[in-house]
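# Here is my input, please return the structure:
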Amino acid sequence: MNLFVGLLLLLAISIVACAPTPTPTPTLIPTPSPPLSAVAWDEARYHIGERTTVYGPVVDTHWASGSRGKPTFLNIGKPYPDPKRFTVVIWIQNRGNFPQAPEVYYLGKSIYVAGLIAEYKGIPQIEIKDPSQIQER
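Sure thing, here's the model as predicted:
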């Protein structure tokens, strides 16, 4: 009987030793969903004067550090000077609110931008003051 118990114990130990170590499941941090009322960048021209969210890919950027107001431009959908583009404008007084250079950080990313859609020389745009107005998609 002792031999049988010993063999069972040895078998149990070998099974436990061969069992795979469970890997922890990573904790996902939820990202806020954009509003259902968000409009595509190429539809923004039909929403001038509205406070809403516009989404699309940042295809071209520029920090006009030599211009008055030293604006940073994030062009969505079409690059400058295409008249069908949508532009996000960040003025120099707000540029320090961003942890990284916006023209570098957002280039190539799809984003949602919240604010008032205005028009400048026929181009729809949103001026933003804070990175909380931009969400990455």
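# gap between the two ends of stretch 37-48?
Counting by Cα to Cα, to the nearest Å, you get 15 Å between the two ends of stretch 37-48.
# ok now that stretch, how far from the chain's centre?
Its chain's C-alpha centre and that of stretch 37-48 lie 18 Å apart, by Cα atoms, centre = their mean, to the nearest Å.
# residues in contact with it?
Stretch 37-48 is contacted by residues 52-56, 76-77, 84-86, 112, 117-119, 124 when judged by Cβ atoms under 8 Å, 6 or more residues apart in numbering. Bear in mind the C-beta positions are built from the backbone N, C-alpha and C, glycine included.
# For it, what does the pLDDT average out to?
The average pLDDT within stretch 37-48 is 96.
# Poorly predicted segments of the chain, please.
By pLDDT under 70, the low-scoring segments of the chain are 1-35.
# how about the strands of it, start to end?
Counting by DSSP state E, the chain has strands at residues 39-40, 51-63, 72-76, 86-90, 110-116, 118-120, 123-127, 134-136.
# list the contacts for P57?
Per Cβ under 8 Å, 6+ apart, neighbours of P57: 76-77, 108-111.
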